[in-house]
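>>> Here's a sequence, model it:
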Amino acid sequence: MASSRFEKQCNKKIAVMGDNCIDLYPDLGVYYVTGNAVDTAVNLATEGIPTSIITTIADDHYGREVMEILRSHSVDVSHVRIVHGQTAITYMSMEGTERVHGTYIEGVLQNMVFGEEDIMFASSHDLVHTAFWGKAEEAIKEIKRMNPAIFTSYDFADRLTSSRITEMDSFIDIGFFSYSHKDNYIKHFLNERVSRGMKIAIATLGENGSLAFDGEQFCECGIIPTEVVNTVGAGDSFIAGFLAAYVTTGDVFLSLEEGALLASRIISVFEPWI
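Numbers count the residues shown, from 1 in each chain. Below you'll find the predicted structure:
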């Protein structure tokens with residue numbers, strides 16, 4: 001069920017393009033539905049934002065569970081493509097409260113593409129979000145060419161030296177990056193992203209909070225202390241909280257706060273969504 005913080009204020013719609021998978025913990029005998037696109041979409045919907053997901057889902061039992069989770073959180077799945085094959089699986093383990101990624105089987109995502117209909121549908125939203133593993137770069141570029149006014153956001157994770165950043169700088173309005181602490185390097189990095197076309201560049205800094213630059217000033221926010229059960233989903237939930245607040249208020253600091261609040265809720269449970 002959606003929280004009431006934004007749902008009565010927001011008439012903005014967000015589309016999320018990208019992946020879905022299962023994180024499987026063989027040593028614990030448990031798994032959950034996840035993927036950058038799924039985690040972000042479910043958490044946006046939980047925040048009360050009308051959210052659509054555009055992805056490719058397998059027709060196996062894991063794929064059916066992915067669809068069940070999305071529908072149960074009222075995510076629009078009208079542009080999910082169902083294909084025959086295996087759901088992507090990441091084999092996971094835990095070291096304390098930190099998750100460790102093992103073998104990854106890409107399954108049907110190996111052939112995931114976004115067609116003209118997907119691009120047109122995404123363009124009908126107010127903001128389109130994707131992530132480094134979402135295979136949506138060309139789609140985002142086309143969306144921006146069609147409608148320069150539409151907002152786009154992208155999670156580059158910790159790939160701060162990837163050539164994809166300079167490739168996408170001028171097509172992305174809100175860029176998210178993962179780093180460790182506030183220093184001159186990250187401040188210069190965020191400044192450079194904005195100088196190359198982004199409107200807002202944000203670094204999540206783990207236990208050191210977050211830092212954003214909007215072209216005029218840096219804005220920082222701390223974390224919300226909580227009992228950590230599993231850090232999986234912290235980044236995607238922060239992004240969902242930030243975007244939910246930003247499309248509603250346009251306030252960067254409030255958005256950083258909402259990102260921190262939602263991330264604190266997510267890391268206090270095992271799954272990457274509530």
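>>> got a list of what R159 touches?
F132, I165 (Cβ atoms under 8 Å, 6 or more residues apart in numbering). C-beta coordinates here come from the backbone N, C-alpha and C atoms, glycine included.
>>> Kindly indicate whether K144 is helix, strand or coil.
helix (DSSP: H, G, I helix; E, B strand; the rest coil).
>>> Skipping its backbone neighbours, what lies nearest it in space?
Closest residue in space to K144, ignoring its immediate chain neighbours: F171 at 4.7 Å, by Cβ to Cβ, 6 or more residues apart in numbering.
>>> so what's that neighbour up against?
Here F171 is in contact with I140, K141, K144, T152, G197 (Cβ under 8 Å, 6+ apart).
>>> Can you tell me which of these are buried?
I140, K141, K144, T152 (16 or more other Cβ atoms under 10 Å).
>>> how about the contacts of F171 in JSON lines, adding secondary structure?
Below are the contacts of F171 laid out as JSON lines (three-state DSSP):
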{"residue": "I140", "secondary structure": "helix"}
{"residue": "K141", "secondary structure": "helix"}
{"residue": "K144", "secondary structure": "helix"}
{"residue": "T152", "secondary structure": "strand"}
{"residue": "G197", "secondary structure": "coil"}
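>>> Surely L28 is in contact with M94?
Yes. Assessed by Cβ atoms under 8 Å, L28 is found in contact with M94 at 7.2 Å.
>>> a strand runs through T40, doesn't it?
No. If the criterion is three-state DSSP, then T40 is helix and not within a strand.
>>> hang on, the earlier thing: show me which of L28 and M94 is the more surrounded one.
The neighbour comparison of L28 against M94 (other Cβ atoms under 10 Å) goes to M94, with 16 against 11.
>>> Beta-bridge partners for the more buried one, please?
With beta bridges defined as DSSP bridges, M94 has these partners: R99.
>>> Distance of it relative to F213?
34 Å (Cβ to Cβ, to the nearest Å).
>>> ditto for F242
14 Å.
>>> any shared contact partners between these two?
Shared contacts of F242 and F213, counting by Cβ under 8 Å, 6+ apart, come down to I202.
>>> Which one's more surrounded, the two?
The neighbour count for F242 versus F213, taken as other Cβ under 10 Å, is higher for F242 (29 against 25).
>>> Name the helix or strand for the more buried one, please.
Using DSSP states H and E, F242 sits in helix 234-249.
>>> Please apply the same query to L254.
Going by DSSP H and E, L254 is part of helix 252-266.
>>> Buried residues in that helix, which are they?
252, 254-266.
>>> so where's this protein shaky on pLDDT?
Applying pLDDT under 70 to the chain flags the ranges 1-10.
>>> Okay, strands next: where are they in it?
14-17, 21-25, 30-34, 51-58, 80-83, 89-95, 98-105, 127-131, 151-155, 174-178, 200-204, 210-213, 218-221 (DSSP state E).
>>> Put together a markdown table for those strands, with distance to S72 on each row.
Formatted as a markdown table, these follow (distance: least, Cβ to Cβ, whole Å):
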| stretch | distance to S72 |
| --- | --- |
| strand 14-17 | 16 |
| strand 21-25 | 16 |
| strand 30-34 | 10 |
| strand 51-58 | 13 |
| strand 80-83 | 14 |
| strand 89-95 | 21 |
| strand 98-105 | 23 |
| strand 127-131 | 21 |
| strand 151-155 | 24 |
| strand 174-178 | 26 |
| strand 200-204 | 27 |
| strand 210-213 | 29 |
| strand 218-221 | 31 |
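>>> I'd like to know which of those strands lies nearest to R193.
Within the strands of the chain, the stretch nearest R193 is strand 200-204; the backing value is 3.8 Å (Cβ to Cβ).
>>> elements contacting that closest one?
Counting contacts by 3 or more Cβ pairs under 8 Å, 6 or more residues apart in numbering; DSSP states H and E, strand 200-204 packs against strand 174-178, helix 184-195, strand 210-213, helix 234-249, helix 252-266.
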